[in-house]
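# With the sequence up front, the predicted model follows.
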Amino acid sequence: MSRVGKKPITIPKGVDVQIAGSIVTVKGPKGSVVTPILAGVSVEKKDGLLNLVRGGEEKKDKALHGLNRALLQNAVLGVTDGFKREIDLVGIGFKAEVKGKNVVFSVGFSHVVTFPMPDGIKVDVAPDAKAKDITHVIVTGVDKQKVGQTATEIRGIRPPDPYKLKGFRFVGEVLKKKAGKATGK
């Protein structure tokens, strides 16, 4: 029994949901998201609520029931509030700068790294409160998957070093520092 799939999704004011076959389009004040509905699940819109009904009782149908409900809930949340991931650049001289549709990173390489912003994603660079430098990157958008993927790609430019803990890290990410090589007899 899918407990997640049985919960109805409340449609807030200002959000329009269109169901066309196996595609659900959610439009709201922040933008629109198109969500495909996987096989074995159907969507019903009634009285400001979205309900998902699964076709069978097989294990795969139950799993897809909860997955589809979570994807639709994320689409509704995305067009009303949006999603955000924050990244801190930790290291001496690390900085980021937005130039048009690109973000330019200066992170200790012999060259600068240019990262193009995907469609529907906004990347802002803000000064970090502690560092007084441009070392805080904010990725925002309406699609949760795209925001997370973009933030992960940015983090991949310079992942945290386990010995010095320099690199890009998500805000709130806890890193465990490794001990260096033992030096003594």
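Received it, and whenever you're ready, just let me know what you need. Treat the numbers as computed from the prediction; the structure is a model and nothing was measured. Residues are numbered from 1 along each chain as shown.
# going forward, measure contacts between C-alpha atoms and count neighbours the same way
OK.
# what packs against the helix or strand of the chain with the lowest mean pLDDT?
Least confident helix or strand, the chain: helix 3-6 with a mean of 82, by mean pLDDT, DSSP states H and E. In terms of contacts (3 or more C-alpha pairs under 8 Å, 6 or more residues apart in numbering; DSSP states H and E), helix 3-6 is packed against strand 49-54, helix 59-80.
# what about 7 Å?
Counting contacts by 3 or more C-alpha pairs under 7 Å, 6 or more residues apart in numbering; DSSP states H and E, helix 3-6 packs against helix 59-80.
# next structured bit after the helix it packs on?
strand 83-90 (DSSP states H and E).
# how about residue 124, what does it touch?
137-139 (C-alpha atoms under 7 Å, 6 or more residues apart in numbering).
# let's go with 10 Å and repeat that
86, 96-98, 103, 136-140 (C-alpha atoms under 10 Å, 6 or more residues apart in numbering).
# between those, which is nearest residue 109?
residue 96 (13.1 Å; C-alpha to C-alpha).
# Name the nearest residue to the closest one, ignoring sequence neighbours.
Once flanking residues are discounted, residue 96 sits nearest to residue 105: 4.5 Å by C-alpha to C-alpha, 6 or more residues apart in numbering.
# Run a quick neighbour tally on residue 33.
Residues lying near residue 33 (other C-alpha atoms under 10 Å) number 22.
# Let me know the secondary structure of the nearest residue to it once chain neighbours are set aside.
Closest residue to residue 33 apart from its sequence neighbours, by C-alpha to C-alpha, 6+ apart: residue 26 at 5.3 Å. Following DSSP: H, G, I helix; E, B strand; the rest coil, the label given to residue 26 is strand.
# Identify all residues paired with residue 26 through a beta bridge.
residue 17, residue 33 (DSSP bridges).
# pretty sure it contacts residue 32?
Yes - assessed by C-alpha atoms under 10 Å, residue 26 is found in contact with residue 32 at 5.5 Å.
# between these two, what contacts are shared?
15-17, 75-76, 78-80.
# Neighbour-wise, give me the winner out of these.
Busiest of the shared contacts of residue 26 and residue 32 [other C-alpha under 10 Å] is residue 76, holding 27 neighbours.
# All good on my end, thank you.
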